[in-house]
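Undergrad: Got a predicted structure plus its sequence, pasted below:
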Amino acid sequence: MNQAVRWFTFAAPSRFYALVNALNPWLWAIALLLAIAALYIGFLVAPTDATQGDSYRIIFIHVPAAWMSMVLYLAMAFWAAIGWILNARMASMLARALAPTGALFTFLALWTGSFWGKPTWGTWWVWDARLTSELILLFLYLGFIALVSSIDDMVRGDKAGAVLAIVGAVNIPIIYFSVRWWNTLHQGATISMTASPKMAQTMLLAMLLMTFAFWAYAFAVVFTRAQALALEREHDTEWVRALRANG
């Protein structure tokens, strides 16, 4: 029983709010330092690619952003499902908080992909399987945001959003495996769990540092947004009144 209590400790909005206050300064510092290191190594230290020249350097932003766009959607669908199934209000708030950040990373992946595609393919956009499924992912994020915002009853909005998020999760494996399932222009995976990386160590280091920087940024922004949602939803509770009285 005590183990269960510890597991669900931060499911309470008041405890979650206090946890975020302690974590966020560190998360912002980590995100800034890692991003600076990643940009320095990626743009100033990593060697020029033999075939693509310096234009390839956009991958140090593009690839981590694309990874984040997919992972954050799965996280959003997971927390939306937990909120729906267990009637956990903090989980539903996390799902709502994840959506704008996921949409941002999806847009960033598409935008940087266009900058990479112009010198590589000779065009800003092609209706490639991976690009198209990534664009659908952006629409899913925006649809989730619009849906939950359009329903005045937050509980009903959470449930409707959960259904959309769960159904939309089928798009994630389509994005990931599209280069294997169809004959696409988009290159295959550069990093694999079962094979050695197909890039120089400095390139790999820059990409991983930027990925961790994006993770820290995502945690900081999502947690801050979830705090705001908690204050909005719990405005008439004792812990919020005490917080306002002390602040």
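TA: Nice, I can see it.
Undergrad: going on from the host helix or strand of N21, what's the next piece of helix or strand?
TA: Per DSSP states H and E, N21 falls inside helix 13-40. Next helix or strand after helix 13-40 toward the C-terminus (DSSP H and E): helix 59-86.
Undergrad: Next, name the residue at the spatial heart of this structure.
TA: L72 (3.5 Å; CA atoms, centre = their mean).
Undergrad: Distance from the helix holding N21 to the middle of the chain?
TA: 15 Å (CA atoms, centre = their mean, to the nearest Å).
Undergrad: can you check stretch 111-129 too?
TA: 22 Å.
Undergrad: in that stretch, what's buried?
TA: 112-114, 116-117, 120, 126, 128-129 (16 or more other CB atoms under 10 Å). For every residue, glycine as well, the C-beta is placed using N, CA and C.
Undergrad: can you put those residues in a markdown table and add secondary structure, distance to I85 and pLDDT?
TA: What follows is the buried residues of stretch 111-129, written out as a markdown table (DSSP: H, G, I helix; E, B strand; the rest coil; distance: CB to CB, whole Å; pLDDT from 0 to 100):
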| residue | secondary structure | distance to I85 | pLDDT |
| --- | --- | --- | --- |
| T112 | helix | 36 | 92 |
| G113 | helix | 35 | 86 |
| S114 | helix | 39 | 85 |
| W116 | helix | 40 | 77 |
| G117 | helix | 41 | 71 |
| T120 | helix | 44 | 67 |
| V126 | coil | 40 | 76 |
| D128 | coil | 36 | 81 |
| A129 | helix | 33 | 78 |
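Undergrad: Need the pLDDT of the residue nearest to the centre of the chain.
TA: L72 is assigned 98 on the pLDDT scale.
Undergrad: cool, the one 5 residues further on as well?
TA: Predicted confidence (pLDDT) at A77: the value is 97.
Undergrad: if I pick it, what's in contact with it?
TA: Contact analysis of A77 by CB atoms under 8 Å, 6 or more residues apart in numbering lists 95, 162, 165-166, 168-169.
Undergrad: Show me where this protein dips below the pLDDT cut-off.
TA: 1-11, 50, 120-121, 124, 178-199, 234-247 (pLDDT under 70).
Undergrad: swap the cut-off to 50 and go again
TA: 1-5, 7, 193-195 (pLDDT under 50).
Undergrad: Give the other helices and strands that the helix or strand hosting A97 contacts.
TA: A97 belongs to helix 89-121 when elements are defined using DSSP H and E. If contacts are counted by 3 or more CB pairs under 8 Å, 6 or more residues apart in numbering; DSSP states H and E, helix 89-121 sits against helix 13-40, helix 59-86, helix 129-150, helix 154-168, helix 201-233.
Undergrad: Using PyMOL, define a selection of the buried residues within the contacts of A77.
TA: The PyMOL selection below is limited to those of the contacts of A77 classed as buried (16+ other CB under 10 Å):
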select buried, resi 95+162+165+168+169
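Undergrad: Good, we can wrap up now.
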